[in-house]
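> how would this look folded up:
(2 chains)
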Amino acid sequence: MNEIPGDLKFLKSHEWARIEDDGSVTIGISEFAQSQLGDLVYVEVPHEGDTLQAGHSCAVVESVKAASDVYSPISGTVLRSNAALSDRPEAINEDPYGDGWIFVLKPSDLAEMDELLSPDDYAELVESAS
Amino acid sequence: MVDFGGWDMPLVYTSQLDEHHAVRRAAGMFDVSHMCVVDLHGADCRGLLRLILANDIDKLKRRGKALYSCMLDQRGGVIDDLIVYFLADDHFRAVVNAGTRDKDLAWIESHASDLGVRVEARDDLAIIACQGPQARAQVAQAIGAPAALDLARFEAASFGAYFLARTGYTGEDGFEVVLPNSDAVALWEALRQRGVVPAGLGARDTLRLEAGLNLYGQDMDETTTPFESGLAWTVAMEPAARDFIGRAALQAQRASGVPRQMIALVLEDKGVLRHAQVVHTAHGSGEICSGGFAPTLERSIALARVPSGALDAVEVDIRGRMAAARVVNLPFVRDGRARI
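Model (predicted):
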C-alpha cells in the first residue's frame, strides 16, 4: 500500500475522496478494497441529482465473489457518475484511483473532508487489517 | 484462503476470471484433495450400492465406468452426491464431498457391515482435477501415459500410481487424477510448468454453475429430494424391484405431486444473482440456491428452487429492485460454448 496518492482522503470502509480544482469531490474505492473484492463484474452507480448523506450507502460494487455497498465519504449532490463502469467494471480493478472513479459530488459541507482519514492513517488501518 | 469443509483452500490464485477462462479455453487445474476417496471392498459391493444409491449401480457393466448418484435417507433427503467407479466385482471406489465426509462414512458403514463390505477412507490419496480442452493431453504427457487418451467419457483406469478418471465438475473435458499424497506436488509442478493454470474454489464455482452442476449444501441437502433439486435424471426408479433407501419417500412424493422444482435462470437486467435472493414466479415465490456472474456468458445466471409449474420468466428481488430473469434449459455452457 505504498502508492496511495497524497491528495486522497479515506473512509474506514475503504472509499476515497478527492477535492478537485472546481470544488467538486470525486469518490471511488481503494486499491485495498478492489484487491479484496477480486474481479469486479457489476457496478451500480448513484444517479445524477441524488442527494447523498455522509456514511450512507449510495452505490454497489459486485465482484465474482460478493456484492459490497459503497458509502459516501461526505454529503452532497451527485454531479455525475462514471457511466463507463457499466461496460468496464474492471476499470476499478485496474485503476481504482483514476479511471475507476465512481461518482462526483457537489459537497454540501466541505468541512466533512476533515473527518476522513489521511493516506498515512488509512495505510496503517489497512496494514493492521491484513 | 478460505475454510472449506475443514480444509484451507485458495479461493483464487491470481484472477478468478483468468482462471475460469483458462479452463474454458485451454487447461486449468484444481487441488481437490479435500474430497474423500472411499474404497469399498467385498463380494457384495453391488448389493450395498443397490441399497444406498438412488441411481442404479447395475448401469455400470464395464470395469472403469463411473456413475453419478445421490445417496438418500429414508425421507428421500439427499445425504450427499457422489461419483462411484466400478473397478472390480469386489472393489468399487466412491468420491464424496469433504463437508459430508464423516456422516457419509458413518452412513455407508452402517449398511456395509451387514453385507460384509469393508469401507476404507483413502486419506493417503490426493486428487488433482485438470480440466479444459487441452487438459487430457497435458496430463497424458505429464505422466507419460499416451494410452490415457483412449479413456471414454465417464471412464477411469490406473496408469502406474495414477488413477485417471475422465470426469469433472466444470462442463469441460479433462481428467481427475487420484494419486498418492507424496506424488501430488510433483504432478502439480509438472502440469504448471507445462502451462496448466492453477485455479481456485472461486473459478470452480463459476465453472460448475455454468455447467449446470449442483453444489451439495447449496443446491440440495437433507431437506430436499432429488426431484426438487433438478436431479430426477440421476434417480433410477426402474427396475421397480430395486428397493433403495429413500425409494418409498420418492414414490410418495411423486404420487402426491412434487411441490418444488429447480429452474435455471439468466438475468436479463444488469446485476448479479446471488444465493438467498427471493424469486417471484406465477406460481409463488422461491429462492436462488446458487447464483453468480457467468464469465463465459458475461451475465448473471442462477439455479433457483421455486414452486412447481411451467415458467418462462420470473422476477428476482436484488436488494429491493425487481430484476427480470429468463428461465432456460441446462447447461448454460458446455465444452467452451454458450448453450442458452
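
> residues from chain B in reach of chain A?
B:11-12, B:15-17, B:202, B:206, B:270-272, B:274, B:292-293, B:295, B:300, B:319 (CB under 8 Å from any CB of the partner chain). Every C-beta, even on glycine, is put in place using the N, C-alpha and C of the backbone.

> among these, name the ones in strands.
In strands, judged by DSSP state E, the following of the residues of chain B next to chain A are found: B:292-293, B:300.

> mind putting these into JSON lines with pLDDT and neighbour count?
Conversion of those to JSON lines gives the following (pLDDT from 0 to 100; neighbours: other CB atoms under 10 Å in any protein chain shown):
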{"residue": "B:292", "pLDDT": "96", "neighbour count": "23"}
{"residue": "B:293", "pLDDT": "96", "neighbour count": "28"}
{"residue": "B:300", "pLDDT": "97", "neighbour count": "26"}
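
> just checking, what packs against the helix or strand of chain A with the lowest mean pLDDT?
Of all regular secondary-structure elements in chain A, judged by mean pLDDT, DSSP states H and E, the least confident is helix A:119-129 with a mean of 92. Judged by 3 or more CB pairs under 8 Å, 6 or more residues apart in numbering or on different chains; DSSP states H and E, helix A:119-129 is in contact with strand A:9-10.

> who does the strand it packs on touch, helix- and strand-wise?
With contacts defined as 3+ CB pairs under 8 Å, 6+ apart, the packing partners of strand A:9-10 are strand A:15-19, helix A:119-129.

> picking that back up, farthest pair in the residues of chain B next to chain A?
Using CB to CB, the residues of chain B next to chain A reach their maximum pairwise distance at B:15 and B:319, which is 25.8 Å.

> isn't residue B:79 up against residue B:100?
Yes. In this structure, residue B:79 sits in contact with residue B:100. The criterion is CB atoms under 8 Å, and the distance is 7.0 Å.

> quick revisit: and the helices and strands packed on strand A:9-10, which is most packed in?
Greatest average neighbour count among the helices and strands packed on strand A:9-10 goes to strand A:15-19 (a mean of 21), per mean count of other CB atoms under 10 Å in any protein chain shown.

> for the chain, what spans make up the helices?
Because you didn't say which chain, this covers chain A. With DSSP state H, the ranges of helices along chain A come out as A:31-37, A:91-94, A:119-129.

> to clarify, I was referring to chain B.
Taking DSSP H as the criterion, chain B contains helices spanning B:16-25, B:45-52, B:101-112, B:135-142, B:181-193, B:201-210, B:247-256.

> possible to save those helices as CSV with mean neighbour count and mean pLDDT?
Putting the helices of chain B into CSV (neighbours: other CB atoms under 10 Å in any protein chain shown; pLDDT from 0 to 100) gives the following:
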stretch, mean neighbour count, mean pLDDT
helix B:16-25, 23, 97
helix B:45-52, 21, 98
helix B:101-112, 17, 98
helix B:135-142, 20, 98
helix B:181-193, 15, 98
helix B:201-210, 24, 97
helix B:247-256, 14, 98
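
> neighbours of residue B:165, just the number please.
As a burial measure, the neighbour count of residue B:165 was computed by other CB atoms under 10 Å in any protein chain shown and equals 23.

> pull the contacting residues for the nearest residue to it once chain neighbours are set aside.
Excluding its sequence neighbours, the residue lying closest to residue B:165 (CB to CB, 6 or more residues apart in numbering or on different chains) is residue B:156, at 3.7 Å. In this structure, residue B:156 makes contact with B:64-66, B:85, B:87, B:163-167, judged by CB atoms under 8 Å, 6 or more residues apart in numbering or on different chains.
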